[in-house]
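# need a 3D model of the sequence below.
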Amino acid sequence: MINTSPTSIDLKETVPGTTQEQNKKSGGRSGIPIIFVHQRYSFYLEYTLRQAAHSNPDSPIHLLGDVENNRFPFLIHHNVSDLLNPETDWFKSVYQHQSPNHYDYELFCFVRWYLVKELMRREGYRQVFVADSDVMIYSDITHYVNQAGLTKYQAAYNIGVDYQWVRSASGHSSYWTWEGISQFCNLMSNLYTEPRFMTFMDQIRAEKIIKNDRAGISDMTALYIFYEEENAKIRNLSACQNGSAFDHNISMATNYDLDEYEFGLGRKKIVIKNGHPVAYNVLLKKEIVLHTLHFQGNSKNIIHRYYTGGGLLANKTFRELRFRASVLYHMVK
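Here you go, the predicted model:
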């Protein structure tokens with residue numbers, strides 16, 4: 001089957017510009033750009049966005065959002081509607097909803113990767129770091145990418161040891177090159193148009209039904225398939241390397257391996273040392289530095305406790321009092 005999607009165009013027409021052009025568009029900041037995508041306003045943006053700016057002062061930080069969250073003067077804000085293009089229109093036309101989540105929510109989870117690609121194209125970025133809006137970043141991403149040799153890969157994101165069982169991977173903390181994001185976006189369209197991928201998707205969906213897995217088909221499924229297709233070109237950020245890793249979910253003891261970290265009170269046991277979260281890996285029997293923490297679900301209510309930047313004292317006090325009041329309420333209820 002011939003791919004007639006907009007992703008099949010010659011990449012020479014859209015490949016980002018030179019490093020000099022990239023720096024100029026980023027206001028002279030030469031660090032690897034960091035991109036968040038979020039619709040509307042949520043209280044935890046005050047922490048995640050400021051934490052990223054605190055730990056990455058040399059990186060331009062972008063928020064792909066809307067009028068409700070255009071309120072952070074220290075970053076570059078974009079309206080999602082301004083980044084929509086023929087490629088996003090194409091994907092919407094072929095997308096087939098197969099998830100218990102709301103149609104608009106799941107569709108946007110896919111579309112956001114095309115938005116990231118469009119931003120990279122417009123800004124001339126050859127590499128970026130993308131974080132979910134509930135991810136706190138503690139390390140200088142540019143320093144880490146160079147030190148860890150991530151430039152040898154086309155992409156990097158979180159994959160658990162059981163990824164073939166759950167048929168999913170996560171891009172909540174992810175590194176992308178222009179080549180990587182272009183190939184991934186092309187693959188997402190192919191999932192719904194190429195017979196080989198459509199058959200594989202049917203197989204995955206059938207397995208989920210048998211396992212009574214309500215997760216359905218999502219962009220995490222696409223990330224899993226991309227890892228299967230391009231394994232050698234993708235780095236796993238969940239796995240511990242050189243004494244550090246990227247958090248999969250603070251509310252899970254599992255990161256890469258099952259029950260990998262000390263756990264208590266519903267989350268990894270974290271200690272902040274020199275501005276970085278540290279957790280004890282019970283399998284390696286040593287402390288591991290975590291470059292990020294992912295506050296998925298209700299763990300967002302304690303995100304203020306892990307903020308290492310300046311300011312927000314009044315906000316942190318309010319959030320802590322509110323959290324304790326909530327705990328007390330549910331204890332006596």
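# contacts and neighbour counts: CA atoms only from here.
Will do.
# where do the strands sit along the stretch 1-150 of the chain?
34-37, 61-65, 76-79, 127-131, 135-137 (DSSP state E, counting those that start in this stretch).
# in this protein, which helix or strand is least confident?
Sorting the helices and strands of the chain by mean pLDDT, DSSP states H and E puts helix 19-25 at the bottom, at a mean of 49.
# tabulate the strands of the stretch 1-150 of the chain in TSV, adding columns for mean pLDDT and distance to residue 173.
Compiled in TSV, the strands of the stretch 1-150 of the chain are given as follows (pLDDT from 0 to 100; distance: least, Cα to Cα, whole Å):
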stretch	mean pLDDT	distance to residue 173
strand 34-37	98	10
strand 61-65	98	14
strand 76-79	98	19
strand 127-131	98	5
strand 135-137	98	7
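# hey, which of those strands is tucked in deepest?
Scoring the strands of the stretch 1-150 of the chain by mean neighbour count under mean count of other Cα atoms under 10 Å gives strand 135-137 as the most buried, with a mean of 29.
# hmm, back to that, quick check: which of the strands of the stretch 1-150 of the chain is nearest to residue 100?
Residue 100 lies closest, by Cα to Cα, to one member of those: strand 34-37, at 21.9 Å.
# which strands or helices does the closest one pack on?
Identification of packing neighbours for strand 34-37 by 3 or more Cα pairs under 8 Å, 6 or more residues apart in numbering; DSSP states H and E yields strand 61-65, strand 127-131.
# please redo it, this time with the cut-off set to 10 Å
helix 45-55, strand 61-65, strand 76-79, helix 103-123, strand 127-131, strand 170-177 (3 or more Cα pairs under 10 Å, 6 or more residues apart in numbering; DSSP states H and E).
# and the ones you listed as JSON lines, adding distance to residue 290?
Below are the helices and strands packed on strand 34-37 laid out as JSON lines (distance: least, Cα to Cα, whole Å):
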{"stretch": "helix 45-55", "distance to residue 290": "13"}
{"stretch": "strand 61-65", "distance to residue 290": "21"}
{"stretch": "strand 76-79", "distance to residue 290": "26"}
{"stretch": "helix 103-123", "distance to residue 290": "25"}
{"stretch": "strand 127-131", "distance to residue 290": "15"}
{"stretch": "strand 170-177", "distance to residue 290": "12"}
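# and residue 39, how many neighbours?
Using other Cα atoms under 10 Å, residue 39 is surrounded by 16 other residues.
# state the pLDDT value of residue 312.
pLDDT for residue 312: 95.
# that one: neighbouring residues, count only.
Burial of residue 312 is recorded as 14 neighbouring residues (other Cα under 10 Å).
# rewinding a little: between the strands of the stretch 1-150 of the chain, which one is nearest to residue 227?
Checking the strands of the stretch 1-150 of the chain against residue 227 by Cα to Cα gives strand 127-131 as the closest, at 17.0 Å.
# quick one: end-to-end length of stretch 230-238, please.
17 Å (Cα to Cα, to the nearest Å).
# go ahead and flag the most central residue of this structure.
Note on the chain: the residue nearest the mean C-alpha position is residue 172, at 2.1 Å, using Cα atoms, centre = their mean.
# tell me how far that residue lies from residue 49.
Using Cα to Cα, one obtains 14 Å as the distance from residue 172 to residue 49.
# OK, contacts around residue 153?
175, 176, 177, 179, 180, 231, 232, 233, 234, 235 (Cα atoms under 10 Å, 6 or more residues apart in numbering).
# ok, so of those, who is nearest residue 303?
Nearest to residue 303 among the contacts of residue 153 is residue 175, at 23.0 Å by Cα to Cα.
# beta partners of the closest residue to the closest one other than its chain neighbours?
Once flanking residues are discounted, residue 175 sits nearest to residue 129: 4.5 Å by Cα to Cα, 6 or more residues apart in numbering. For residue 129, the beta-bridge partners are residue 34, residue 175 (DSSP bridges).
# so residue 129 touches residue 144, yeah?
No: applying Cα atoms under 10 Å as the test, residue 129 and residue 144 come out as separate, 11.1 Å apart.
# pull out the buried residues from stretch 96-111.
99, 106, 107, 108, 110, 111 (16 or more other Cα atoms under 10 Å).
# my bad, should have said stretch 184-195
Judged by neighbour count (16+ other Cα under 10 Å), stretch 184-195 contains these buried residues: 184, 185, 186, 187, 188, 189, 190, 191, 192, 193.
# check contacts around the fifth one.
If I follow you right, that is residue 188. Going by Cα under 10 Å, 6+ apart, residue 188 touches 91, 94-95, 110-111, 113-114, 197, 219, 221-223, 225-226.
# which phi and psi does residue 263 have?
phi -140, psi 140 (degrees, to the nearest 10).
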